[in-house]
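[1] sharing a model prediction with you, sequence too.
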Amino acid sequence: MVSFKEYKKVSNIITEATVNASKYGPGSLFVLKPDSAKVSAFTKKIGSAITLPKSPVFSKLDPNSVPDTAVEIGDSSKPLQAAFDILDGPEGKSVGAVAWYEKSVNGYYNNLKLGSDINWGRETPTLETCQAIGVYYKNVESDAGDRAKVIANIKSILGNGQDWDSGGVSKLLPKLDTMTAKNFAEMIALISGMNDFAKAVVKFKPNIIHGRIRDYYDAEDENNNVEITGVKDNTADMIISSAPADATISAMKTDKFTFDNKGIITGEESKIKIVQVSLKKSATGAQIGKAASFLIKKYGLPGYNDYFVDILSESLEEGFVLNEGPLDFIKRAADVVKNVWSKVAGSVRKFFSKISSKMKRTNEIEKKKVFKKYEKIFSLDSKEMALFENVIEGKEHLVEEKAKESLNAKLEKINVREANKLVKDVRDKKTGIVKIFDGKDYLVQKSGKPISDFKSQNEIDIDTVSKLLSNSYSISVVNSILGSTNPKDVIDSVVDMHKEVYFGKTSLPLYKVYGKSSGPSYEYLGTAGDFTKKKKEKLSNVQFPVAGLRLNPQNSRYLNIDFFVVSDVSEDEIYYTQFRTGTNTSGKFSFNFEGTKQISSAQFKKFLNQTT
């Protein structure tokens, strides 16, 4: 293994670190302490399962993304302290993963802070800036042997007046002279991949939009001539245009656009040509993308605070009081509208106390189902139903009694009784979703033992209850995606998810551009509409599992939830996208539903313990 001194060649500082502290998030880098006894002890702990490289670097993993193949140190029934991907260098390849269940983990590592090098995974604006340079740097590969020449050319290009991201430029420039040879080579690959793309696709004098990309998104949203197909922002990271940034953004606000089969977008009035580009370091190394906001909007799921309130059955009792208005209103209406009051009086109080607040934040489809139920129960005609809906929906009948407390404030002071309501809710939802998966041969699940109740207040902390709330919300999302559990409906839902992840709101064509490697430097995705149509046709006659769910209990307290959906069929190989669900922030509630990677059918079977 490399010595402690050798690490200093690529770093400014190596300091002692409490690695399980929340301040060290996923991606934080560590090295083993320069203590031969510690190094020897660690090597014994992992045994022959992992062959340590010469200079191992430990990249901290999100606790929800620890691979099943990770070597476990300690008793896995106890709380996970920290987990790491073991790399052969700061930006190197993974040789395995390790999950620590011993608090002694903090005595084994020092924090590695990179000095001269750029951590591409954590410096997205800098990575994208390097790629954007490739629009203008045509001979970077032939110049690569002359470092001084490359640096001079990069500085010249960054001063050409284009719309560069100021943050990316400010991080890149100071490191050009001192970055290691490996980091320098990675930068050359990023520039070169974009240059390959520009030479092949961009047949006009190019301008870029990168620093003002959000202004471009806003202009696209504002334009009534451009269809909005999703929820999250357009996923293009930069725009290549035949006009300067100002003119392009102005045209995007009002112009009509057409495009050819190569993805070149043209303004009908402005004649401006545009290419939308999503930037990734590699075709395989980047996460696929987030889908949470899309799923919440598509399925009309309630806000997190409201969702939590419903679980605890606080409803109107916590923040609202019922005015006399609704009851008086219905009583008066009874004299005119077929005695509606007599039909609904027996349940209206219960309806208001347990349902009405929820009705105000649920989706229209669910509302119609509930109203249809009441229409049938009480034999109401259309006029009576209109009256009843007006009462339930009428905001003037509910008055806010006090300001609502934030969700995190509630989670921080949750008591044992309330926390166990959350535990019960997760257990019940888990039982329900497992039953759904077990009832269909095209759905596969893997689940462990039930989670346990809390016995005392000192067992409760905000991280644990946040994970429980996220568990409950995640299972509700999966339930919504499955819908009727008809395989066609599931396929339609998962294709829509992928469309959102790859395109976001934009209906215009999109390219992905990667750093140059052994594979292709770019990929044409087409339009969101074409993507959806082709993908649904491709997956329409599947005869294999279309979705899988893995529910792994952690410390008997909460679940790690991974959702897998079929995403492609290529020749004889079936591919699935793995979605990670859950929190991504310590000390407060957050919710994430993110496509992390594409896996093969063999990996899918392994993850879900399938033998056939």
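    Thanks, I have it.

[2] can you classify Thr532 as helix, strand or coil?
    At Thr532 the chain is in helix, as set by DSSP: H, G, I helix; E, B strand; the rest coil.

[3] buried residues in stretch 561-574, which are they?
    561-567, 569, 574 (16 or more other Cβ atoms under 10 Å). Placement of C-beta: from N, CA and C, glycine included.

[4] which pair in those residues spans the largest distance?
    Spatial extent of the buried residues of stretch 561-574 (Cβ to Cβ) is set by the pair Ile561 and Val569 at 25.5 Å.

[5] returning to what we had before: distance to Gly167, secondary structure and pLDDT for the buried residues of stretch 561-574 - can I get that in TSV?
    What follows is the buried residues of stretch 561-574, written out as TSV (distance: Cβ to Cβ, whole Å; DSSP: H, G, I helix; E, B strand; the rest coil; pLDDT from 0 to 100):
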residue	distance to Gly167	secondary structure	pLDDT
Ile561	34	strand	90
Asp562	33	strand	89
Phe563	34	strand	90
Phe564	36	strand	90
Val565	35	strand	86
Val566	38	strand	86
Ser567	33	strand	83
Val569	41	strand	82
Ile574	41	strand	85
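
[6] for Ser250, state which of the residues you listed is nearest.
    Nearest member of those to Ser250, counting by Cβ to Cβ, is Ser567, at 37.7 Å.

[7] what is the nearest residue in space to the closest one that is not next to it in sequence paired to in the beta sheet?
    With sequence-adjacent residues excluded and distances taken as Cβ to Cβ, 6 or more residues apart in numbering, Ser567 is closest to Thr577, at 4.3 Å. Bridge pairing for Thr577 (DSSP bridges) gives the partners Val565, Gln598.

[8] do you know the pLDDT at the closest residue to Lys273 other than its chain neighbours?
    Excluding its sequence neighbours, the residue lying closest to Lys273 (Cβ to Cβ, 6+ apart) is Ser242, at 4.2 Å. At Ser242, the model reports a pLDDT of 97.

[9] likewise for Glu594?
    So Glu594 comes in at 81 (pLDDT).

[10] for the top helix by length along the chain, buried residues please.
    Taking DSSP state H as the criterion, the chain has its longest helix at helix 416-438. Buried residues in helix 416-438, defined by neighbour count with 16+ other Cβ under 10 Å: 418-420, 422-423, 425-427, 429-430, 433-434, 437.

[11] the stretch 151-300 of the chain: strands as residue ranges?
    207-209, 238-241, 257-259, 265-267, 273-280, 289-290 (DSSP state E, counting those that start in this stretch).

[12] tell me which of these sits most buried.
    Of all these, strand 238-241 carries the top mean neighbour count, a mean of 26, counting by mean count of other Cβ atoms under 10 Å.

[13] and it, what other elements does it pack with?
    helix 124-133, strand 207-209, helix 213-222, strand 273-280 (3 or more Cβ pairs under 8 Å, 6 or more residues apart in numbering; DSSP states H and E).

[14] what about the first one, distance to the chain center?
    This points to helix 124-133. Mean-position distance between helix 124-133 and its chain equals 22 Å (Cα atoms, centre = their mean, to the nearest Å).

[15] quick one: low-confidence residue ranges for the stretch 1-150 of the chain.
    1-17, 22, 64, 91, 114-116 (pLDDT under 70).

[16] what segments of it are strands?
    Listed in chain order, the strands of the stretch 1-150 of the chain (DSSP E, counting those that start in this stretch) span 11-16, 29-32, 57-60, 71-73, 82-87, 94-100, 109-114.

[17] go through those strands and name the closest to Met179.
    Of all those, it is strand 109-114 that lies closest to Met179, at 9.7 Å by Cβ to Cβ.

[18] what is the closest one packed up against?
    strand 11-16, strand 29-32.

[19] buried residues, it. List them.
    Buried residues in strand 109-114, counting neighbours by 16+ other Cβ under 10 Å, are found at 109-112, 114.

[20] JSON lines for those residues, including distance to Ile272?
    Listed next are these as JSON lines, based on distance: Cβ to Cβ, whole Å:
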{"residue": "Tyr109", "distance to Ile272": "53"}
{"residue": "Asn110", "distance to Ile272": "53"}
{"residue": "Asn111", "distance to Ile272": "48"}
{"residue": "Leu112", "distance to Ile272": "46"}
{"residue": "Leu114", "distance to Ile272": "40"}
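
[21] and of these, the nearest to Ser94?
    Checking the buried residues of strand 109-114 one by one against Ser94 (Cβ to Cβ), the nearest turns out to be Leu112, at 16.0 Å.

[22] just give the nearest non-adjacent residue to the closest one, would you?
    Computed as Cβ to Cβ, 6+ apart, the closest residue to Leu112 that is not its neighbour in sequence is Leu29, at 4.3 Å.

[23] please apply the same query to Leu176.
    Leu176's closest residue in space is Ile151 (Cβ to Cβ, 6+ apart), at 4.8 Å.

[24] surely the one you found meets Thr178?
    No - counting by Cβ atoms under 8 Å, Thr178 is not a contact partner of Ile151; they are 10.7 Å apart.

[25] just send the strands of the stretch 1-150 of the chain back as JSON lines, with distance to Asn486 too.
    Listed next are the strands of the stretch 1-150 of the chain as JSON lines, based on distance: least, Cβ to Cβ, whole Å:
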{"stretch": "strand 11-16", "distance to Asn486": "55"}
{"stretch": "strand 29-32", "distance to Asn486": "46"}
{"stretch": "strand 57-60", "distance to Asn486": "41"}
{"stretch": "strand 71-73", "distance to Asn486": "40"}
{"stretch": "strand 82-87", "distance to Asn486": "38"}
{"stretch": "strand 94-100", "distance to Asn486": "37"}
{"stretch": "strand 109-114", "distance to Asn486": "50"}
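
[26] quick one: closest of those to Ser142.
    strand 109-114 (28.7 Å).

[27] from Asp233, how far out is Ser142?
    Plainly put, Ser142 is 37 Å away from Asp233 if you go by Cβ to Cβ, to the nearest Å.

[28] who's more crowded, these two?
    Shown here are Ser142 and Asp233; by other Cβ atoms under 10 Å, Asp233 has more neighbours (17 against 9).

[29] quick check: the more buried one touching Asp215?
    No - the pair Asp233 and Asp215 fails to qualify as a contact (Cβ under 8 Å) at a distance of 11.8 Å.

[30] what is whichever strand or helix holds Thr596 packed up against?
    Taking DSSP states H and E as the criterion, Thr596 maps to strand 592-600. Strand 592-600 is packed against strand 289-290, helix 292-298, helix 487-503, strand 558-570, strand 573-582, with contacts defined by 3+ Cβ pairs under 8 Å, 6+ apart.

[31] of the buried residues of stretch 561-574, closest to Lys538?
    Nearest to Lys538 among those is Val569, at 6.0 Å by Cβ to Cβ.

[32] how close does the residue lying closest to that closest one once chain neighbours are set aside sit to Ala251?
    Leaving aside its sequence neighbours, Val569 sits nearest to Lys538 (Cβ to Cβ, 6+ apart; 6.0 Å). Distance, Lys538 to Ala251, by Cβ to Cβ: 35 Å.
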